[in-house]
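Colleague: Pasting a predicted model and its sequence here:
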There are 2 protein chains.
Amino acid sequence: MKLKSNWKEKLCFSAEAGGHQVLMDTKPPLGSDTGLTPKQLLLAAACGCTGMDVASLLRKHKQSFEELEIEAEAVVTEGVHPNVFSSLALSFSIRGNVEAQKALEAVHLSQTRYCAVSAMLSKAFPITYTVRLNSELIGSGEARFS
Amino acid sequence: MKLKSNWKEKLCFSAEAGGHQVLMDTKPPLGSDTGLTPKQLLLAAACGCTGMDVASLLRKHKQSFEELEIEAEAVVTEGVHPNVFSSLALSFSIRGNVEAQKALEAVHLSQTRYCAVSAMLSKAFPITYTVRLNSELIGSGEARFS
């Protein structure tokens, strides 16, 4: 799998693969704030990868959802360099006509078996998750890949 | 650090933070190919983070560059699930009136001290790099963070 990234100006970089482009930048004065930061993209990758699993599994089990939101919140180490993530909390929020057991199972399977990005990132820091269905907290857990 | 991601349709997800948005998707028939895949975003994050270091360091040392390209190539495991990266090669290509020693030093410092994304990802798989200056290979190395 290949991707090319090019410097644009100041600290703005573009990245291109498969005909799609994304801009990365940082806040002024160093950057021009034209896109997400690389660390934010890491969180996006985690959300997208596990979200695709959950959407696929819910559909496979004929669970009809209207909303699937994943909020990622990372704790960033302070005072040490580089400022890596020390932990990541993923909050899944599902709305729709979905069985609680199927929702929990979909997230659990993603976070223990299917999600390649979580599998990689969980080698660097612990990932925990909570699952809400129609606003109600129905479960929580931790990413664990053998 | 927080980011929100929302399901759009099929396997397309948006991610939003700091007023910026990125789309993630996968190829048909499962997705609609409207954006980079989550794994490609991981590569983009790696390139952007180390690229920002290198651009900053070159500028700090008054090295005048016109182009700075980083190509990321990951080996993806086959036959095991999830299909994680088993290694990542970063190819830095710099063009301009830059001293070879300064170019090498900038990449080396990023890959051993400054790049938070490389520091995290190198816990999951080895990251190697090569550095080209005005098309000539001037060095190579491996990401190592203490």
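Modeller: Cool, the structure landed.
Colleague: Please identify the buried residues of the helix ranked longest in chain A?
Modeller: Longest helix of chain A, by residue count under DSSP state H: helix A:38-60. Buried residues in helix A:38-60, counted by 16 or more other Cβ atoms under 10 Å in any protein chain shown: A:38-58. C-beta: built from backbone N, CA, C; applies to glycine.
Colleague: tell me the helices in chain A, going along the chain?
Modeller: Counting by DSSP H, the helices of chain A are A:38-60, A:100-109, A:116-121.
Colleague: Chain B next: which of the buried residues of helix A:38-60 are close?
Modeller: A:38-49, A:51-52, A:55-56 (Cβ under 8 Å from any Cβ of the partner chain).
Colleague: coming back round to it: and the longest helix of chain A with helix B:38-60, angle?
Modeller: If you take axes from the mean of the first three to the mean of the last three Cα atoms, to 10 degrees, helix A:38-60 sits at 180 degrees to helix B:38-60.
Colleague: What angle do helix A:100-109 and helix A:38-60 make with each other?
Modeller: 140 degrees.
Colleague: same question for helix A:38-60, mean pLDDT?
Modeller: The pLDDT scores in helix A:38-60 average 98.
Colleague: Stretch A:1-8 now?
Modeller: Stretch A:1-8 shows a mean pLDDT of 98.
Colleague: Flag every buried residue along it.
Modeller: Buried residues in stretch A:1-8, defined by neighbour count with 16+ other Cβ under 10 Å: A:Met1, A:Leu3, A:Lys4, A:Ser5, A:Asn6, A:Trp7, A:Lys8.
Colleague: So for stretch A:76-83, what gets flagged as buried?
Modeller: A:Pro82.
Colleague: and stretch A:99-107, anywhere near chain B?
Modeller: No. Judged by Cβ under 8 Å from any Cβ, stretch A:99-107 and chain B are separated, with a smallest distance of 12.4 Å.
Colleague: C-alpha coordinates for that stretch, PDB please?
Modeller: Backbone C-alpha positions of stretch A:99-107 (Å, rounded to 0.1, in the frame of the first residue of the first chain) are rendered in PDB as follows:
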ATOM      1  CA  GLU A  99     -30.700  -4.800  19.400                       C
ATOM      2  CA  ALA A 100     -28.400  -3.900  22.200                       C
ATOM      3  CA  GLN A 101     -26.700  -7.300  22.100                       C
ATOM      4  CA  LYS A 102     -26.000  -6.900  18.300                       C
ATOM      5  CA  ALA A 103     -24.600  -3.400  18.800                       C
ATOM      6  CA  LEU A 104     -22.300  -4.500  21.600                       C
ATOM      7  CA  GLU A 105     -21.200  -7.600  19.700                       C
ATOM      8  CA  ALA A 106     -20.400  -5.500  16.600                       C
ATOM      9  CA  VAL A 107     -18.100  -3.100  18.500                       C
END
